[in-house]
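Student: Everything below, folded, please.
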Amino acid sequence: MNRRLLRRRLLGMLASLSAAPIAGPGAAIGAEARTALSGRPAYPVVRRGVPLVFPRDFGAHPEYRTEWWYVTGWLQPRSAVLADPAPMGFQITFFRSRPQIDQRNPSRFAARELVLAHVALSDERQRTLAHDQRTARAGFGLAGSATTDTDVWIDDWRLSRQAAGGGSRYLASIPGNRLGFELRFDSSQPLLLHGDAGFSQKGPLERQASYYYTQPQLAVSGRVVHDSKPLEVTGRAWLDHEWSSEILADGATGWDWIGINLDDGGALMAFRIRDRSGATVHAGGSWRAGGGRKRTFDPRSVVFVPQRRWRSARTGATWPVAMRVTVGAGTTDALTLDLEPLFDDQELDARTSTGIVYWEGAVTARSEGRTLGRGYLELTGYHGAVVL
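Tutor: All right, here's what the predicted structure looks like:
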């Protein structure tokens, strides 16, 4: 093993020992430090009415406890070998976390900030999920996140943003011999701010909230490496950026979340936070039509109803992989989508990094048998309560 790889793995192992468990995208995580213990960080509260300012808010917010940049989408391989290549789903996520350590520690090795990353590729033809993950403490040039614009990395894994024609162009570079991504994401629409101008409440209390925006309908081009074979791809993607200090209410055990690029150019995000019995603690969502009209949904008007479940032989967890989601419930223009997975086994075991098992899957959205769009469904808390 070369010295560079040994150093990276050693720092990653040290970082893991310092990390507080964090969870996947779709909802911010962590508990607000209600009392500033001696030398430990007192995390800022997410507040309604604070405007998001760009390009600054494309960048990192290191004073908050948790943050992520989360890209999912559908890819279509362009293959001269396969006459009819099957579509693929993908996930690229970078997290940053500010753990509760003594900020007065002068050591350069003190884990003041942790950076984690997950990548996954759902292959419909083989019905398999390939995935990889990394963990490191920020610093020493090995990992970090810029505060002026999107630029977050762990060693040679990187996600960054460039201004392009009044919009954004994101670049993901995830080298790998077995699984890798070299992808470009070009914006085609304005940002979609969730909740109240980017203030997205996730619980009954206002402090249980995140700052949250999406860049939907990203045009994808580039290459993936799958089973050590390079494939040129095109597709459509969805990017979330979210940061927070507290999210889950007392008694909450997990959440269901969707991000759907609609075929008419629209975009739909919806979520619900669940308790141990499966009841909804809080819910919300945003929908923007292809023409630009936007609606924000209150907790009572967002309904998730499992349609079919799949049990994992690896972890024993049972996941509602087919879901019916209604937004605007109780109104004359409610929208109901039936979500069907690309295939059932899209479970990701991230207990060695973020500390949880979750289901993160490519889904097709249909209404009365007609396909309306494609996106991703995220499920947490079905392998036991998410511990924050």
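
Student: Buried by neighbour count: which residues of whichever strand or helix holds residue 241 qualify?
Tutor: Using DSSP states H and E, residue 241 maps to strand 229-246. Residues of strand 229-246 classed as buried by neighbour count (16 or more other C-beta atoms under 10 Å): 231, 233, 235-246. For the C-beta atoms, the positions are set from N, CA and C on the backbone; glycine is no exception.

Student: what two of these are the furthest from one another?
Tutor: 231 and 246 (41.2 Å; C-beta to C-beta).

Student: from memory residue 97 sits against residue 113, does it?
Tutor: Yes - Residue 97 is within contact range of residue 113, at 7.1 Å (criterion: C-beta atoms under 8 Å).

Student: quick one: which of those two has more around it?
Tutor: residue 97 (26 against 21; other C-beta atoms under 10 Å).

Student: for that one, which residues make a bridge with it?
Tutor: As for beta bridges, residue 97 partners with residue 66, residue 114 under DSSP bridges.

Student: ditto for residue 218
Tutor: Counting by DSSP bridges, the residues bridging with residue 218 are residue 237.

Student: Next: the one 4 residues further on.
Tutor: With beta bridges defined as DSSP bridges, residue 222 has these partners: residue 183, residue 233.

Student: so how many other residues sit close to it?
Tutor: So residue 222, with other C-beta under 10 Å, has 18 neighbours.

Student: Starting from residue 92, give me the distance back to it.
Tutor: 11 Å (C-beta to C-beta, to the nearest Å).

Student: And residue 58, its phi and psi?
Tutor: phi -70, psi -20 (degrees, to the nearest 10).

Student: Please disregard the earlier target; I meant residue 89.
Tutor: Dihedral angles for residue 89 - degrees, to the nearest 10 - are phi -110, psi 150.

Student: Contacts only, for it.
Tutor: 72, 73, 74, 75, 121, 122, 342, 346, 361, 362, 376 (C-beta atoms under 8 Å, 6 or more residues apart in numbering).

Student: please redo it, this time with the cut-off set to 7 Å
Tutor: Applying C-beta atoms under 7 Å, 6 or more residues apart in numbering to residue 89 gives the contacts 74, 122, 342, 361, 362.

Student: and the two most separated of those residues?
Tutor: Pairwise over the contacts of residue 89, using C-beta to C-beta, the maximum falls at 74 and 361, 11.5 Å.

Student: the more surrounded of these two?
Tutor: residue 361 (28 against 25).

Student: could the buried residues of strand 229-246 go into CSV alongside distance to residue 319?
Tutor: CSV is the format used below for the buried residues of strand 229-246 (distance: C-beta to C-beta, whole Å):
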residue, distance to residue 319
231, 28
233, 27
235, 24
236, 24
237, 23
238, 21
239, 24
240, 21
241, 26
242, 23
243, 27
244, 25
245, 29
246, 26
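
Student: For those residues, point out the one with the lowest pLDDT.
Tutor: Lowest pLDDT of the buried residues of strand 229-246: residue 246, 83.

Student: Closest to residue 54 out of the buried residues of strand 229-246?
Tutor: residue 241 (10.5 Å).

Student: For the closest one, list the residues it contacts.
Tutor: If you count contacts by C-beta under 7 Å, 6+ apart, residue 241 has them with 69, 213.

Student: Bridged to it, which residues?
Tutor: Beta-bridge partners for residue 241, by DSSP bridges, are residue 69, residue 213.

Student: so residue 336 touches residue 324, yeah?
Tutor: Yes - using C-beta atoms under 7 Å, residue 336 is in contact with residue 324, at 6.5 Å.

Student: What is the burial count for residue 328?
Tutor: Neighbours of residue 328 (other C-beta under 10 Å): 18.

Student: Pop out the phi and psi values for it.
Tutor: The phi/psi pair for residue 328 (degrees, to the nearest 10) reads phi 80, psi 20.

Student: Residue 56 now?
Tutor: According to degrees, to the nearest 10, residue 56 has phi -50, psi -50.

Student: With residue 299 instead?
Tutor: According to degrees, to the nearest 10, residue 299 has phi -60, psi -30.

Student: Could you pull up the contacting residues of it?
Tutor: 282, 283, 284.

Student: gap between it and residue 222?
Tutor: In terms of C-beta to C-beta, residue 299 sits 38 Å off from residue 222.

Student: Pick the one among the contacts of residue 89 closest to residue 65.
Tutor: Using C-beta to C-beta, the contacts of residue 89 come closest to residue 65 at residue 361, 27.0 Å.

Student: Parallel or antiparallel, list what pairs with the helix or strand harbouring residue 304.
Tutor: Using DSSP H and E, residue 304 sits in strand 302-311. Strand 302-311 pairs in its sheet with strand 318-327 (antiparallel), by DSSP bridges.

Student: Summarise which helices and strands the next helix or strand after the partner strand is packed against.
Tutor: Using DSSP H and E, the helix or strand that follows strand 318-327 in sequence is strand 335-341. Under the contact definition 3 or more C-beta pairs under 7 Å, 6 or more residues apart in numbering; DSSP states H and E, strand 335-341 sits against strand 318-327, strand 356-367.

Student: What is the neighbour count of residue 227?
Tutor: For residue 227, the tally of surrounding residues (other C-beta under 10 Å) stands at 12.
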